[in-house]
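Enquirer: need the 3D shape of this:
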Amino acid sequence: MESIAELRQRVQAPVRKYNDVAGVLVGDRVSIHVTRLFLQLGLSPTVATLGMLVFGVAGSAMVPFGGPWAVLGFACVFLYYILDCVDGEVARYHKREKLIFGFHDFLFHLYVKSAFFTCLGLLAVRVSGASWTFFLALAALLAVLFQKFLNDLPLILTARYILLRRDHERDHFVAQVLHGAEPSELEQDGALPDDHRPVIYTGPLGFLRAALTNFDLAVLLFLLASIADLFVEPFAMLTLPANCVVALVVFYGFVFPMDFLDQLQTHVRTHRFGKEARRLLRGAHHFRIEE
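Expert: Next up, the predicted model:
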């Protein structure tokens, strides 16, 4: 069995530069040890993929009970994130990456995030006694889901309205995508939207924003907050009865929606949809852009 350093080189190095902030700070550091255990036991990456769903949903269901149950629940949801890293690393090691598991992976994320924020809202109502705190968790959930679809929409719509249509049916869509493009842009090689591009943080503030608006790091913060609540007495936040977890619910109930709205206006202002659509067309095997 390879050493940890050798495993990192084999299963993490090829994709490290595309990591999000959670992968940089936590994911790569923890998942590699679980990946090594999977390889030693001969476990399939499918086990990790299914484990994501089990730990994510089961952990979320424990959260509303508060106390030690909440700690265990948040720990399980954090393990969901680690297994999300592990399934890719094990598949990469065996060179068994399958497209169909991308389908299930996408849906599993939706299931777990929906369960997580719903149960988090129930905990917030239970602790604070204020029913409106549930809507803060709901706002955070919608923002996280909308953000995910905002990133995937260029791929979905370009495939649906251009790549899957006959030539005469897609010509006017192609013309719309190419409108305003510089000639040099049409000559560049490109990749799929949000794929094969290094993640770039614009300085310390950009990195901090990425960290504070990352779902997986939020789960880790909720885990730490739930542990703190075992030792810290509930307190009043303005007039709202609260604890550390509820304080984070309020924080993310505003931060996630604000981040989504800012990302949305940036997409519109920078015409990102058209740029991503053109990049997809350049990367399509059977498609050629003609000036």
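Enquirer: for the longest helix anywhere in the chain, what is the average pLDDT?
Expert: Ranked by residue count, the top helix of the chain under DSSP state H comes out as helix 99-128. The average pLDDT for helix 99-128 rounds to 91.
Enquirer: the helix or strand just after that helix to helix 99-128, inter-axis angle?
Expert: Next along the chain after helix 99-128, taking DSSP states H and E as the criterion, comes helix 133-158. Using axes from the mean of the first three to the mean of the last three Cα atoms, to 10 degrees, the inter-axis angle of helix 133-158 relative to helix 99-128 is 160 degrees.
Enquirer: follow-up on the earlier one: buried ones in the longest helix of the chain?
Expert: Burial within helix 99-128, assessed by neighbour count using 16 or more other Cβ atoms under 10 Å, is assigned to 101, 104, 108-109, 112-113, 115-125, 127-128. For the C-beta atoms, the positions are set from N, CA and C on the backbone; glycine is no exception.
Enquirer: what is that helix packed up against?
Expert: Helices and strands touching helix 99-128, by 3 or more Cβ pairs under 8 Å, 6 or more residues apart in numbering; DSSP states H and E, are helix 45-62, helix 67-94, helix 133-158, helix 215-229, strand 240-242, helix 244-269.
Enquirer: show me where pLDDT drops low in this structure?
Expert: For the chain, the stretches flagged by pLDDT under 70 are 97-101, 180-201, 283-291.
Enquirer: distance from the centroid: which residue in this structure tops it?
Expert: residue 168 (37.1 Å; Cα atoms, centre = their mean).
Enquirer: on the three-state scheme, that one is what?
Expert: What DSSP: H, G, I helix; E, B strand; the rest coil gives for residue 168 is helix.
Enquirer: do you know how far it is from residue 174?
Expert: With distances taken as Cβ to Cβ, to the nearest Å, residue 168 is found 11 Å from residue 174.
Enquirer: same check on residue 217?
Expert: Separation of residue 217 from residue 174 (Cβ to Cβ): 40 Å.
Enquirer: return the residues in contact with the closest residue in space to residue 138 that isn't next to it in sequence.
Expert: Nearest non-adjacent residue to residue 138, counting by Cβ to Cβ, 6 or more residues apart in numbering: residue 121, 6.1 Å away. Neighbouring residues of residue 121 by Cβ atoms under 8 Å, 6 or more residues apart in numbering: 133-138, 249.
Enquirer: any chance of the residues you listed in a markdown table, plus neighbour count and distance to residue 157?
Expert: Output for these, formatted as a markdown table (neighbours: other Cβ atoms under 10 Å; distance: Cβ to Cβ, whole Å):
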| residue | neighbour count | distance to residue 157 |
| --- | --- | --- |
| 133 | 24 | 36 |
| 134 | 21 | 33 |
| 135 | 14 | 30 |
| 136 | 24 | 31 |
| 137 | 24 | 30 |
| 138 | 15 | 27 |
| 249 | 26 | 34 |
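Enquirer: of the residues you listed, which is the nearest to residue 71?
Expert: Nearest to residue 71 out of the contacts of residue 121 is residue 249 (Cβ to Cβ; 15.9 Å).
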